[in-house]
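[1] Compute the structure for the input listed below.
(2 chains)
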There are 2 protein chains.
Amino acid sequence: MSANVPTDICFSFAGLMRRGGQTGPHSDGWGIAFYEGKGCRTFHDPEPSARSEIAAFLRRHAIKSCTVISHIRRANRGRVALENTHPFTRELWGRIWCFAHNGQLRGIKRRRLSHYRPVGTTDSEHAFCWMLDQLRARWRNQPSDAALERAVGEMAQDLAGLGVFNLLLSDGRTLFCHCSTKLAWLTRRAPFGPATLVDEDLTVDFARETTPDDVVTVVATRPLTRDERWEVLSPGAFIAFRSGDPVARRAAPLPPAQGLQRRAA
Amino acid sequence: MSANVPTDICFSFAGLMRRGGQTGPHSDGWGIAFYEGKGCRTFHDPEPSARSEIAAFLRRHAIKSCTVISHIRRANRGRVALENTHPFTRELWGRIWCFAHNGQLRGIKRRRLSHYRPVGTTDSEHAFCWMLDQLRARWRNQPSDAALERAVGEMAQDLAGLGVFNLLLSDGRTLFCHCSTKLAWLTRRAPFGPATLVDEDLTVDFARETTPDDVVTVVATRPLTRDERWEVLSPGAFIAFRSGDPVARRAAPLPPAQGLQRRAA
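    Residues are numbered from 1 along each chain as shown, chains lettered A, B, ... in the order given. Model prediction:
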């Protein structure tokens, strides 16, 4: 989520958490990071989110934030353990960065790391450390927004070449999103209307929950609601949000020549 | 807390949290970090712990861990904000390090940092970043336990020269403790008996909660129970625990000659 005012994510969270072992197969842990100013609260649990006591608490206890990243895990690389549970966090340039990944990356562990080291054993955390290493090597201090957006977009495209890399990444200010195979988003703004979850029989009337100036963008691998218009990103697309608004986007890159030839054969 | 088996800290936590705005003046936020293997769960709240909903949840929801660091804050440097709330965490050598500090350090921000940068504005987080910077500059990979204990002990004594530095620091395996003005500890082991909190009318009979092999050490600036024998450390003392047992300790260093002269005057 990226929003221009501190917003609670209880509604979307309710739907996502059901996918963790109930309406979906992602039952190997879950996590969520809420930015609050420069600070960040994270909650992680290797238990399935649909049965997690901490998740139940967070559904009731509305934490308001402008930037939230959440993840439910289906383990493929790295055992089910707290240290392998997304989102991962590290500090760079005096800001906390959060990273969540859907997919698998072949051979990522052959990319050498210098500054950041994984704590767990997932390919995802290795990719995160590699990305921050690249940024740190290139800039001693935070660069311009445009330079950072371009660099993250290029790295995401590079990593997607190793497999599947649906990405959510943030420094608390910008939410960077890369679609490798599936990612969809929508922005809620005035006039607000009702929305109904795909995964649970739950409807919220956002007109009653918001003010006319609110801008709230939600990004997910699969749309969370059934009665709103989600924009489904194309494979290879990259988009960045600040305060709920898209600030940079790149349409899907053209498939490489080799791929086209294979399709013609 | 340092223990040889995953242990819930609900009892000690109940007492500590009361000090955050009820039986004590430390009402500017609180935090707790639970290690679980190489992973670490942290909970932070800039609200007073005595009124915090997350704290109330954690009192009921027993998270078991071998190493826990918790802190209640009375702000002196740095405003009340999530990013200024201890314990602070960073990754070094592929492990998560946690840091909590009681006291103030004059001029700490003049110590230059290279790798780690504070996210918030406290003197404490600056000191933490400086300590990890020193360790990283000295060893590319994790050194021997003895070398690490010595290095942390020396740095703590150095920092204590800038003011008050009661320290809890851990990499999830070892709990490093430095007493600048106040720190006390006790180890619970068989035969276990009852214990009553200083801050709340709550008694636990540990004989009913433990197995005969459990070794559980609790360290706090002030004893948490009224009917157990706490060892109060002397100013300048350093002690490290692993699996609940002391593995290194240094008695208080002799006061400098100047100090003795002043006392004689």
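[2] who touches A:Arg59 in this structure?
    Contacts for A:Arg59 were tallied using C-beta atoms under 8 Å, 6 or more residues apart in numbering or on different chains; they are A:10, A:13-14, A:17. C-beta: built from backbone N, CA, C; applies to glycine.
[3] Just the ones in helices from the residues you listed, please.
    Within those, residues falling in helices by DSSP state H are A:10, A:13-14, A:17.
[4] hey, what's the closest residue to A:Asp171 other than its chain neighbours bridged with?
    Nearest residue to A:Asp171, sequence neighbours excluded (C-beta to C-beta, 6 or more residues apart in numbering or on different chains): A:Arg95, at 4.6 Å. Assessed by DSSP bridges, A:Arg95 has beta-bridge partners A:Leu92.
[5] What is the nearest of the contacts of A:Arg59 to A:Leu58?
    Closest approach to A:Leu58 among the contacts of A:Arg59 (C-beta to C-beta): A:Phe13, at 6.5 Å.
[6] Please determine how far the closest one is located from A:Gly244.
    17 Å (C-beta to C-beta, to the nearest Å).
[7] likewise A:Met1?
    In terms of C-beta to C-beta, A:Met1 sits 8 Å off from A:Gly244.
[8] which element is the residue nearest to A:Phe11 when sequence neighbours are not counted on?
    Computed as C-beta to C-beta, 6+ apart, the closest residue to A:Phe11 that is not its neighbour in sequence is A:Val204, at 4.8 Å. Applying DSSP states H and E as the criterion places A:Val204 in strand A:203-205.
[9] Which residues of chain A lie near chain B?
    A:36-44, A:46, A:53-54, A:57, A:61, A:81-85, A:90-91, A:93-96, A:115-120 (C-beta under 8 Å from any C-beta of the partner chain).
[10] re earlier: which residues are contacting the strand holding A:Val204?
    A:11, A:192-197.
[11] I'd like the residues you listed laid out as JSON lines, including secondary structure, pLDDT and neighbour count.
    Converted to JSON lines, the contacts of strand A:203-205 look like this (DSSP: H, G, I helix; E, B strand; the rest coil; pLDDT from 0 to 100; neighbours: other C-beta atoms under 10 Å in any protein chain shown):
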{"residue": "A:Phe11", "secondary structure": "helix", "pLDDT": "85", "neighbour count": "23"}
{"residue": "A:Phe192", "secondary structure": "coil", "pLDDT": "89", "neighbour count": "18"}
{"residue": "A:Gly193", "secondary structure": "coil", "pLDDT": "87", "neighbour count": "12"}
{"residue": "A:Pro194", "secondary structure": "strand", "pLDDT": "89", "neighbour count": "13"}
{"residue": "A:Ala195", "secondary structure": "strand", "pLDDT": "91", "neighbour count": "21"}
{"residue": "A:Thr196", "secondary structure": "strand", "pLDDT": "90", "neighbour count": "16"}
{"residue": "A:Leu197", "secondary structure": "strand", "pLDDT": "90", "neighbour count": "21"}
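[12] ok, of the residues you listed, which one's closest to chain B?
    A:Phe11 (19.2 Å; C-beta to the nearest C-beta).
[13] Can you tell me how far A:Asn141 is from B:Trp130?
    Taking C-beta to C-beta, one finds A:Asn141 at 19 Å from B:Trp130.
[14] so A:Arg74 touches A:Gly29, yeah?
    No - taking C-beta atoms under 8 Å as the definition, A:Arg74 is not a contact partner of A:Gly29, at 9.3 Å.
[15] Pull the contacting residues for A:Glu91.
    By C-beta under 8 Å, 6+ apart, the contact list for A:Glu91 reads A:97, B:90, B:116-117, B:119.
[16] Repeat that for A:Ala127.
    For A:Ala127, the contact set (C-beta under 8 Å, 6+ apart) comprises A:99, A:101, A:105, A:108, A:159, A:165.
[17] residues near the residue nearest to A:Phe11, how many?
    For A:Val204, the tally of surrounding residues (other C-beta atoms under 10 Å in any protein chain shown) stands at 18.
[18] now stretch A:239-254, how far from the centre of its chain.
    13 Å (C-alpha atoms, centre = their mean, to the nearest Å).
[19] pLDDT averaged over that stretch - what is it?
    What stretch A:239-254 shows for mean pLDDT is 90.
[20] one step back: quick one: which of A:Met1 and A:Gly244 has more around it?
    Remark: of A:Met1 and A:Gly244, A:Met1 carries more neighbours, 25 against 22, as counted by other C-beta under 10 Å.
[21] So that one is in contact with A:Val215, correct?
    No - the criterion here is C-beta under 8 Å, and A:Met1 misses it with A:Val215 at 11.1 Å.
[22] List the contacts of the closest residue to A:Phe34 other than its chain neighbours.
    Spatially, and ignoring its direct neighbours in sequence, A:Phe34 is nearest to A:Ser65 (4.0 Å; C-beta to C-beta, 6+ apart). Taking C-beta under 8 Å, 6+ apart, we find A:Ser65 in contact with A:1, A:3, A:6-9, A:34-36.
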